[in-house]
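A.B. asks: I'll drop the sequence and a predicted model, then ask my questions.
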Amino acid sequence: MRPLRYSINVTLDGCCHHEAGLPPDEESMRYWTAEMERADALLFGRVTYEMMESAWRKPATDTWPDWMDEWQIPFAEAIDRAKKYVVSSTLSGVDWNAELVRPVSPAPHPDMSLARGCAACHEWGTVVTPEGRHELCPTCQYPSLPPSSVMAFQQS
């Protein structure tokens, strides 16, 4: 079995936003091009897939857009040809060398206003249990539960 490599753009202050932080430069694009070329496949959720497709899919004209610098083209070509898996319960289909994967169960929908400042879930409002289930964070999403109930919930 090969290792699973995971990456996400996170700023030092913990922001996970594709437009936050430093813009890509030639060095970072060379690095990410090499990573794309090493990958067997890419795993995206619907939003990330749609965002990446709109930016990096080669146009039907077979010519890269004018906004793209020459040093970005190797990355664009690598991600364009990469095998992709898209996890979505709402998309009816995908292309761009992608396969649609339906989630086993719907993702929980946390109340993000309750998640602010929660260390247990890093302000995401959800946690992954030791069994691999994706659940609402018992610490912040169930504020009316007594602390002993939250502890029992976390251990189950």
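C.D. replies: Arrived safely.
A.B. asks: Please pull out the lowest mean pLDDT helix or strand from the chain.
C.D. replies: Using mean pLDDT, DSSP states H and E, helix 147-155 stands out as the lowest-scoring helix or strand of the chain, at a mean of 46.
A.B. asks: Flag the shaky bits of this protein, pLDDT-wise.
C.D. replies: Along the chain, segments meeting pLDDT under 70 span 1-2, 8-22, 105-107, 144-156.
A.B. asks: And the strands in it, which stretches?
C.D. replies: With DSSP state E, the ranges of strands along the chain come out as 42-45, 84-87, 98-101, 126-128, 134-136.
A.B. asks: how about JSON lines for these, with mean neighbour count and distance to residue 6 added?
C.D. replies: C-beta: built from backbone N, CA, C; applies to glycine. Output for the strands of the chain, formatted as JSON lines (neighbours: other CB atoms under 10 Å; distance: least, CB to CB, whole Å):
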{"stretch": "strand 42-45", "mean neighbour count": "16", "distance to residue 6": "9"}
{"stretch": "strand 84-87", "mean neighbour count": "18", "distance to residue 6": "14"}
{"stretch": "strand 98-101", "mean neighbour count": "15", "distance to residue 6": "16"}
{"stretch": "strand 126-128", "mean neighbour count": "16", "distance to residue 6": "13"}
{"stretch": "strand 134-136", "mean neighbour count": "17", "distance to residue 6": "15"}
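A.B. asks: Among those, which comes closest to residue 116?
C.D. replies: Among those, strand 126-128 comes nearest to residue 116, with 14.1 Å by CB to CB.
A.B. asks: would you list every one of the helices in the protein?
C.D. replies: 26-38, 46-56, 73-81, 112-115, 147-155 (DSSP state H).
A.B. asks: Quick one: closest of these to residue 141.
C.D. replies: Nearest of these (CB to CB): helix 112-115, 5.8 Å.
A.B. asks: which parts of the closest one are buried?
C.D. replies: Buried positions in helix 112-115, judged by neighbour count with 16 or more other CB atoms under 10 Å: 114-115.
A.B. asks: Other residues contacting that helix?
C.D. replies: Contact with helix 112-115 is made by 121, 123-125, 137, 140-141, 143, as judged by CB atoms under 8 Å, 6 or more residues apart in numbering.
A.B. asks: ok, now with 6 Å
C.D. replies: The contact list for helix 112-115 (CB atoms under 6 Å, 6 or more residues apart in numbering) reads 123, 125, 140-141.
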